[in-house]
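> no sequence on this one, just coordinates:
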């Protein structure tokens, strides 16, 4: 299977879990993003799919843009 190349215009987003998810729905979203512990940081490409997941748990995470 061929690997997908990243677009040159895609930036990076650093997401940090700062609060514990209070409900099962939010826990599932945080878990699927790889945020399994408090203060865990993950980097993702700046894409609509990732932005939607961040929006779902926006009160629980801090988001930083990376160049």
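Received it, and whenever you're ready, just let me know what you need. Computed from a prediction, not measured in an experiment: that's the story for all the values here.
> residue ranges for the strands of this protein, please.
Using DSSP state E, the strands of the chain run over residues 12-17, 41-45, 61-66.
> so of these, which one's packed in deepest?
Of all those, strand 12-17 has the most neighbours on average by mean count of other CB atoms under 10 Å, namely a mean of 17. (C-beta placed from N, C-alpha, C; glycine too.)
> Output the contacting helices and strands for it.
Applying 3 or more CB pairs under 8 Å, 6 or more residues apart in numbering; DSSP states H and E, one finds that strand 12-17 contacts strand 41-45, helix 48-56, strand 61-66.
> ok, now with 6 Å
strand 41-45, strand 61-66 (3 or more CB pairs under 6 Å, 6 or more residues apart in numbering; DSSP states H and E).
> Among those strands, which comes closest to residue 27?
strand 61-66 (13.0 Å; CB to CB).
> got the angle for the closest one vs strand 12-17?
160 degrees (axes from the mean of the first three to the mean of the last three CA atoms, to 10 degrees).
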